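Novice: sequence and predicted structure below; questions after.
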Amino acid sequence: KLMETCIIETPLGPTKIIGDKDGIASVSILNTKEELSEVIPEPLLECVTQLKGYFKNERKTFDLKLNPEGTIFQKKVWKLLEEIPSGKTISYLQLSKQLGDVKAIRAVAGANGKNPLWIIVPCHRVIGSDGSLTGYAGGLYRKQWLLNHESDYKQQSLF
């Protein structure tokens, strides 16, 4: 089945969106210079609009039809991630407890790392039990940027 693709600019770099009428399959940050899409395919328009709103601080939540590929377990973890409110964080341990299996912490971290829906399924809101940022596929500086962006306490400028 052919999926539509577009690449848009975000404050954190070029972002690739893949999906079709059945939903958004993937949103990923690119670490390479890519040509931006001049035309956004119809099934991806709403996703692009909502992401732009997010970066402009006009939106904290997403309301999109999602269709990521993954195992049943991964999808269960991603569903839980969607419930973490903007501006809040949760630890891998808390996430494992929510799934009902404290021993699943490694599997939960693995599923988190394989999240194909950057920002929309907010895996950046999961941190270590000690408050450390731990790993992040998009790079820790991006994770920090997103958490700062979502924080209610915007950094006050001194000048």
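Specialist: Noted; the coordinates are in hand.
Novice: in which helix or strand would I find the most centrally placed residue in the chain?
Specialist: With distances taken as CA atoms, centre = their mean, Ile119 lies nearest the centre of the chain, 2.2 Å away. Using DSSP states H and E, Ile119 maps to neither a helix nor a strand.
Novice: try Val77
Specialist: Element membership of Val77 [criterion: DSSP H and E] is helix 72-82.
Novice: show me the contacts for the residue nearest to the centre of the chain.
Specialist: 27, 51, 54, 62, 146 (CB atoms under 8 Å, 6 or more residues apart in numbering). In this view, the C-beta of every residue, glycine as well, is placed from N, C-alpha and C.
Novice: tell me the one among the residues you listed nearest to Gly110.
Specialist: Nearest to Gly110 out of the contacts of Ile119 is Val27 (CB to CB; 19.3 Å).
Novice: confirm the closest one sits in a strand?
Specialist: Yes: the assignment for Val27 by DSSP: H, G, I helix; E, B strand; the rest coil puts it in a strand.
Novice: any low-confidence regions in the chain?
Specialist: Flagging of the chain using pLDDT under 70 yields the residue ranges 153-159.
Novice: could you redo the last one with a cut-off of 90?
Specialist: Applying pLDDT under 90 to the chain flags residues 1-2, 32-34, 101-102, 129, 131, 133-139, 152-159.
Novice: could you pull out the strands in it for me?
Specialist: Here the chain has its strands, by DSSP state E, at 4-10, 13-20, 23-29, 90-91, 126-127.
Novice: what's the closest of these to Glu38?
Specialist: It's strand 4-10; of those, that one is closest to Glu38 (CB to CB) at 9.3 Å.
Novice: and the closest one, what's buried?
Specialist: 4, 6, 8, 10 (16 or more other CB atoms under 10 Å).
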